[in-house]
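> Below are the sequence and a predicted model; questions follow.
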Amino acid sequence: MTVKATVAALAVGGVLAMAGTAFAQDEKIKIGVSYPTPTHAWAAGMNWHAEKAEERIEALYPDVDMILVNSPDPASQASALEDLVSVNQIDALVILPFESDPLTDPVLNVKKSGALITVVDRGLSQPGIEDIYVAGNNPELGRISAQYMKTRIGEGDNIVILRGIPTLIDNERFDAFMEEIEGSGINVLDHKHANWNRDDGFEVMQDFLSRFDDIDAVWAQDDDIAIGVVAALEQAGRDGDGMFVVGGAGMKETIKGIMDGNELVPVDVLYPPAMIATAMDVTVAAFKSNGPVAGRYILGATLITPENAEDFYFPDSPF
Amino acid sequence: MAHSDLTKEQGRTLPKLDLKTMGPAIALILLCIIGYSLNPAFLGEGNITNLLTRSAFIGIIAVGATFVITAGGIDLSVGSMAAVLSGVMIMVMNSLIDVLGTGVATVMTGCICSLILGIGAGMVNGLLTTKAKIEAFIVTLGTMGIFRSLVTYFADGGTLSLDFSLRDTYRPVYYESFGGLPIPVWVFLGVSVAGWILLNRTAFGRYCTAIGSNEHVAQYSAIRVERIKTATYVIQGFCVSLATIIYVPRLGSASASTGVLWELEAIAAVIIGGTVLKGGYGRIGGTILGALILTTIGNILNFTDVISNYLNGTMQGLIIIVAVWLQRAGWRGRGKTAD
Amino acid sequence: MPFDGGSPVAVLAADRISKSFGSVPVLFSVGFDILPGEVHALIGENGAGKSTLMKILGGFHQPTSGRIFMDGKEVVLPPNGQAEDLGIVLLHQEFNLAEQMTVEENMFLGREKSSNGFLRRKEMREEVRGHLAEVGLNVSPTARVSDLSVAQKQMLEITRAVSRQARVLIMDEPTAVLTTAETELFFRQVRRLRDNGVAVVFVSHKLGEVKEIADRITVLRDGQWIATRPARDLTLDAMAQLMVGRELSDLYPPIAEADVDAPKILEVRNLTTPRVRDVSFDLRRGEVLGFSGLVGSGRTDVFEAICGLQQVEGGQIRFDGQPVNFRSVAKARDAGIAYLTKDRKGKGLLLEQGMLPNVTLLALPRFVRNFMLDRKAEEEALKRGIRRFDIRARDPNVRVGDMSGGNQQKLLLAKIMEINPKVVIVDEPTRGIDVGTKQQIYHFIAALAAEGMSVVVISSEMPEIIGICHRVFVMREGRIAGSLTGDDINENEIVRYAAGLKEAV
């Protein structure tokens, strides 16, 4: 009898205690931030900016608790979301989904728990789930790049394009670029996928150089590819004569080069990993601001030039 | 009597063997003809040099893989190993600038470091397979994940870059030529010749083949099976680190995406070359051709816009399967001997 | 010709069958017929064409010329085992069983009973039980094949054939891997099948068994048909003579007197391993020492332990007067001890390779010059071996796996001789080998001893132990049960020690 009673008492006590802590925690605004484990430089930059934003926001608002979780694949990200709801009982979720389809339902479940949903960069498959959407502008990245090309070259000049990994993002950038240069007389010799990767950028560019004797400019679409392209150009000795390469994203080394007046990579088009920080700020504002914040925030694809480069230079970020 | 029979019979069977050996070479020549007909620049000096240099990485790694596979093993960790070796090498060299300056001493130290770590990593793979008796597939699947995550960790998820001040010293190792051939091609040649001699002309090579054919027979024939098998993984590690040493000066960086799928390319090169995946028969010459074939496929696809970009993988897959199928058809014909 | 073109009663008949592989003729106009309800044995030396004839009768090879009749009608047998549908089942020497599946799954492999895609397991299990009971095989339908004994696997193969309404059962050396008791059990099943009207073709090198089980015997030699006679008309000697084509009176070589004062080369005291207890014996120079006993009595374990292939738990071994403990085969080899395994295919030879790499493998360090293999020396070694052991291969580049068992055994002998051993241990030296080659191997062993080498012969065949050994040790359950010398070596004594009826004090 005594053993049973003790167990029962402990159990009841435990439940009460848990309820107590839960109640105590409830006084804080808890915001879960979920994104893929960084495996490439851009994602590492995002991770860095997320951590910076967490520090800054928590210092500013002591009653806000940011919980950062990264996951190595879509399935673990879905599990992480469940944990954020059941264990951490979050009030809001900021998520950069690994993939759109597999995470749509898990995010919907989080929404059903009453949390505010902010989606970053990659949209979900179903509209209307997220309250706030923050993203870079992929078509704009292509368009701005093309516009810059048109200021440097024109009728009869030849360019080659190195694309990313065959995805929607890549297509949006590419299609917008092609639309913008249409009618300019600039001749696109060929376009190949270089998978947002330095090695592939190097090899594809080597082959373009063997194949085409006259190339006036390269749209590399991405800063990593651009590094490979530059190495190939230097190897072939074709990095002079006004040849230039346009990348994208905003890698710190590239931005440093622009500040230093690099002629081969004179500009960059921003697709900032810091967008996660923007999303976190807007989400906090939903709790703190007296103005409405729900809606879509599409960041501009700013052209980074020597004049404004300093504003986008974060020497401590890994990207 | 028996003597004269022997020489006569050899004379008869040699040409037959040669035809089979020539399979991958014929495939490569066909690819070259296709490449040339698509664009004459394909056979330009620049492109050939590019092709050879590019093949060097996979080729050198594949020579090591030939030993592992011939002895009945498999090493899935080579791509990740290359990445982590590149990363560590870059970190070591960057940190040594203050001590040793930006000269040859720093670069040499980095290279030695890579060699030691490569051999060590191979040793770990080998000992786990032989002493701990875990299947090579599982051991190297495990170390593949470990190496990959280590490089990610060292790079904070980003990219490790070689300090610019070192590049002038180190760059020539990839970009300079000697006697008309780029240095990586010389290294590739050296590794190939050494590998060929080791596999075909030494007791060690014979032991690898015997172990791959039948481990029991090898054990009963006084072969130190565990030692030889471990040695194949060490050779593999050594080859990976050589490949790393010529890879790093190319772009001067390493990241989590360095060397992704190199293990599969290396294994594919070995198998296309005629080495038997389950062991017991290895061909270094074939492996080298296999590596060249793989690189040439990618190169040709970059030289044409006839095939949709999205179908590149399909073309590569098809060519690999057809190449191996031709090989196996040859085997079947040979295997039909009287009972 | 014994055959007149399709006797109406023959269930399966071959008429003037010839077969060539490439330019090599293997069978010359051979006739053969099988009657329902008979056991027809096919005997001949290795390479006589038995396997080829069987494969032709099973549809696995097509004859180059000649006709096949089934129930008197000319047929072309379908390839790749599809002749099973006609009731002709060929059981290969290697088991054709899925080791990791159960008895019941194996019985129905490829012809599972199912309805709507679901297996009718209960029905199949019942049917399997029936078949097992019918042939008297006492195993559970759910037992895993890998857990069965060799004899049980053999019986399972036969049961499966029977369950598929086999009318002709062709078996290639089915008793080669069976113990005497298992063979008895197996023969009982064969007789039952015969009495049910099944025609059985049976290939064996064990002439005593052939005499016991067969109704008729056909002899092949060098691809030619030699004779078909009722078994009762043939003595064992007559069979052997027909096979070899000459008198076999000198099957065993004359034994040179053992020199009792010759120095001891190997002294073993109280050797203990996980499966051997307290084994002690001496081996003198120039002596042939026999190790007899039942399969599993620990004979192989003793010598594998001495050669560093198994763990030694205790005891002393002196070699040439020096205490030794070989931790690897390489150490034993360097000292001059060669162990020739009984598992030729699994542990002895690289079947996928040619003869050359096989013959030098054990002694390979001797063929290294300047870190490279000396091709010429290797070729010399092969020639030496071919000459010394009379290895007859059609083509020196032949895959060793394609060679006959006798030639494989000779190649193994050539292989271990390359280390110039002082002690040679041969384990089951004549397993699966025809009588002509057996005779050669016995003479080789005697010659080695005469040259001053010491030979240990481990064998389950008592006649050969008796025929070639100076002294014999009989093992039982991991211990030496007794030893016999000179005229005391006879079957009766060996059996009594082996079976535990007698124990040395």
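Nice, thanks for sending it over. Just so we're clear, the structure is a prediction, and the values are computed from it rather than from any experiment.

> Name the residues of the stretch 101-250 of chain B found near chain C, please.
Proximity of the stretch 101-250 of chain B to chain C, by Cβ under 8 Å from any Cβ of the partner chain, involves residues B:197, B:201-203, B:206-207, B:209-210, B:213-214, B:216-224. To be clear about C-beta, it is placed using only N, CA and C from the backbone, and glycine gets the same treatment.

> Of those, keep whichever come out buried.
Among those, those classed as buried by 16 or more other Cβ atoms under 10 Å in any protein chain shown are B:201-203, B:206-207, B:209-210, B:213-214, B:217-224.

> Return the subset of those residues lying in strands.
Using DSSP state E, no member of these sits in strands.

> Show only the entries of those residues found in helices.
B:Arg201, B:Ala203, B:Arg206, B:Tyr207, B:Thr209, B:Ala210, B:Ser213, B:Val217, B:Ala218, B:Gln219, B:Tyr220 (DSSP state H).

> I am assuming the last one contacts C:Val329, so please confirm or correct that.
Yes. Checked against Cβ atoms under 8 Å, the pair B:Tyr220 and C:Val329 is within contact range at 6.5 Å.

> Which single residue in the stretch 151-300 of chain A comes nearest to chain C?
Nearest residue of the stretch 151-300 of chain A to chain C, counting by Cβ to the nearest Cβ: A:Asp199, 37.3 Å away.

> what's the burial count for that residue?
Applying other Cβ atoms under 10 Å in any protein chain shown, we find 25 residues neighbouring A:Asp199.

> mind checking how far the host helix or strand of it is from the chain centre?
Using DSSP states H and E, A:Asp199 maps to helix A:198-211. Chain-centre distance of helix A:198-211: 26 Å, with Cα atoms, centre = their mean, to the nearest Å.

> Distance check, the nearest residue to C:Gln439 once chain neighbours are set aside against chain A.
Once flanking residues are discounted, C:Gln439 sits nearest to C:Leu251: 5.1 Å by Cβ to Cβ, 6 or more residues apart in numbering or on different chains. Using Cβ to the nearest Cβ, to the nearest Å, C:Leu251 is found at 72 Å from chain A.

> tell me the mean pLDDT for stretch C:424-440?
The pLDDT scores in stretch C:424-440 average 87.

> if we look at stretch C:262-269, which residues are touching it?
For stretch C:262-269, contacts defined as Cβ atoms under 8 Å, 6 or more residues apart in numbering or on different chains pick out C:279-287, C:302, C:306, C:315-321, C:337, C:422-423, C:454.

> hang on, the earlier thing: got a list of what the residue nearest to C:Gln439 touches?
C:Val435, C:Lys438, C:Gln439, C:Tyr442, C:Gly467.

> Please list the members of the residues you listed that lie in helices.
Counted as lying in helices by DSSP H, out of the contacts of C:Leu251, are C:Val435, C:Lys438, C:Gln439, C:Tyr442, C:Gly467.

> Is C:Gly467 in contact with C:Tyr442, as I believe?
Yes. The pair C:Gly467 / C:Tyr442 is scored as a contact, 6.7 Å apart, by Cβ under 8 Å.

> can you give me the helices in chain B?
Counting by DSSP H, the segments of chain B that form helices are B:2-38, B:45-70, B:78-100, B:104-130, B:136-154, B:164-170, B:172-175, B:183-201, B:203-213, B:215-220, B:225-251, B:262-272, B:284-302, B:312-335.

> Out of those helices, which is closest to A:Ala249?
helix B:225-251 (16.9 Å; Cβ to Cβ).

> tell me the mean pLDDT for the closest one?
The average pLDDT within helix B:225-251 is 95.

> Could you see whether chain B lies near stretch A:210-225?
Yes. Stretch A:210-225 comes into contact with chain B (Cβ under 8 Å from any Cβ), by way of A:Ser210, A:Arg211, A:Asp224.

> Using the three-state scheme, assign the residue most central in space within chain C.
Residue closest to the mean C-alpha point of chain C, counted by Cα atoms, centre = their mean, is C:Gly432 at 2.7 Å. Three-state call for C:Gly432 (DSSP: H, G, I helix; E, B strand; the rest coil): coil.

> I'd guessed it sits against C:His205; true?
Yes. Between C:Gly432 and C:His205 there is a contact at 6.5 Å, judged by Cβ under 8 Å.

> shared neighbours, these two?
The contact sets of C:Gly432 and C:His205 overlap at C:Glu173, C:Ala176 (Cβ under 8 Å, 6+ apart).

> what sits against C:Ala377?
C:Phe367, C:Arg369.
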